[in-house]
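**Student:** give me a model of this one.
(chains A and B)
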Amino acid sequence: MHQTFDAALGINLLHANQQGADHNRTHFDQWGITCFNIMSSPGAGKTALLEKTLEAIAPDYNVAVIEGDMTTELDADRLRQYGVPVIAINTGRSCHLDAKMVAGGLHRLEQDYDPAQFDLVLVENVGNLVCPAEFEVGEHQKVALLSITEGEDKPLKYPVMFQEADCLLITKTDLAPYLDVDIQQIIANVRQMNSHVTIIPISVKTGEGLEDWYQWVRSQVSLAARPVVCS
Amino acid sequence: MHETDMTKALLMTVEEWWESQPDRPDIERIHLIVGQFTCVEPASLQFAFEVQTRNTFLEGAELVIREIPLIAFCHTCQQEYQPVLGLRYACPTCRSPMDDIRSGRELKIDRIEYAQPASTLDKELIS
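**Tutor:** Have a look, this model is predicted:
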């Protein structure tokens, strides 16, 4: 005799990752740290942006970087030149950082530093427009980059990333004279699915828009909760 | 290929449930709900599920995926609409941005179908 039974579960598939992300965020809040999750396709200019950003804001803020890369430490080495702690996480074959990997990075940071001294942790995710959008790592703000060489249609094709972003940097604007790309159309496409995102066109080559970006970074850091004192 | 990771998370949850059952029943079907506005491709999930369940307690179990369409609500027009993935997300009537997603972001293990082992059934019949 064969009888089939049914058990209702109703459990979110990403439940474990979400719990891990919330755990990381609790730590960040206790330490008074603002955390950005920086995401884009490969080659959109995340590391170049971080180089400029560290140069500009590291004198005013204590910054640490968690650097996700599939196999190498090339990006981490580039950023170490700016005198800030850079924790490299090799994700192996995984195409995104998850909450557990970032928790591991935070533990390594804690071994050498008092985490409460930091104001800002920049998480550079693995270059990918799809997967990182689904895996929160405990960030307060999601920063997406889209280079103008990628074309106007990318926000429509990879909507989850652009719908989730709090800040979008449209990069490599210095290349606009050489391309048939309409930056206003990129902005309009993103606005279709995200009315609240802050959009800043930038070029690390010419410096266009960078002051606006630094100002956005500063505004987010100053919004952050001060360290919670446990009695 | 984050479907591999998603499948790992799925198997861990199902295993936890299975181990909490006193008679460790044979799982026949796992029902998943996957929204169309997620980064998950059902075919990739099926493939990862088949590979990862080989030689485990779930060998031979079936993964049933129900897709949920992307539905948004326009507050200006006070009505629901269905965005066209890859083409248009704003409200087709007034072009307001897609601010309120009503469905399509789901990634959920809905339910599990299982057969109770014969021995347990016998016991129930006797008692």
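
**Student:** where does chain A have low pLDDT?
**Tutor:** For chain A, the stretches with pLDDT under 70 are A:1, A:225-231.

**Student:** if we use 80, what do you get?
**Tutor:** Along chain A, segments meeting pLDDT under 80 span A:1-2, A:70-71, A:92-94, A:223-231.

**Student:** what's in contact with the longest helix seen in it?
**Tutor:** Using DSSP state H, we find that the single longest helix of chain A is helix A:15-31. Here helix A:15-31 makes contact (C-beta atoms under 8 Å, 6 or more residues apart in numbering or on different chains) with A:12, A:34-35, A:98-100, A:102-103, A:106, A:115-116, A:118, A:121, A:135-140, A:225, A:227-228, A:230, B:9, B:12-13. C-beta here means a position set from N, CA and C on the backbone, and glycine is covered the same way.

**Student:** run the last query once more with 6 Å
**Tutor:** A:35, A:98-100, A:102-103, A:115-116, A:135-138, A:225, A:228, B:9 (C-beta atoms under 6 Å, 6 or more residues apart in numbering or on different chains).

**Student:** what's in contact with the following helix or strand past it?
**Tutor:** Counting by DSSP states H and E, the element after helix A:15-31 in chain order, helix or strand, is strand A:34-39. Contact with strand A:34-39 is made by A:28, A:46, A:120-125, A:132, A:137, A:139-144, A:220-221, A:224, as judged by C-beta under 6 Å, 6+ apart.

**Student:** spell out the secondary structure type for A:Ser41.
**Tutor:** coil (DSSP: H, G, I helix; E, B strand; the rest coil).

**Student:** that one: how many residues sit nearby?
**Tutor:** 18 (other C-beta atoms under 10 Å in any protein chain shown).

**Student:** got the contact list for it?
**Tutor:** A:Ser41 neighbours (C-beta under 6 Å, 6+ apart): A:127, A:129.

**Student:** quick one: the helices in chain A?
**Tutor:** Under DSSP H, chain A gives helices at A:15-31, A:46-57, A:74-80, A:99-112, A:154-157, A:159-164, A:183-193, A:210-223.

**Student:** swap in chain B?
**Tutor:** Using DSSP H, helices in chain B cover B:3-20, B:42-53, B:118-126.

**Student:** which stretch in the ones you listed is the model least sure about?
**Tutor:** Among those, helix B:118-126 carries the lowest mean pLDDT, a mean of 56.

**Student:** which ones are touching the residue sitting nearest the centre point of chain B?
**Tutor:** Closest residue to the average C-alpha location of chain B: B:Leu32 at 2.0 Å, with C-alpha atoms, centre = their mean. Each residue near B:Leu32 by C-beta under 6 Å, 6+ apart is listed here: B:Ile65.
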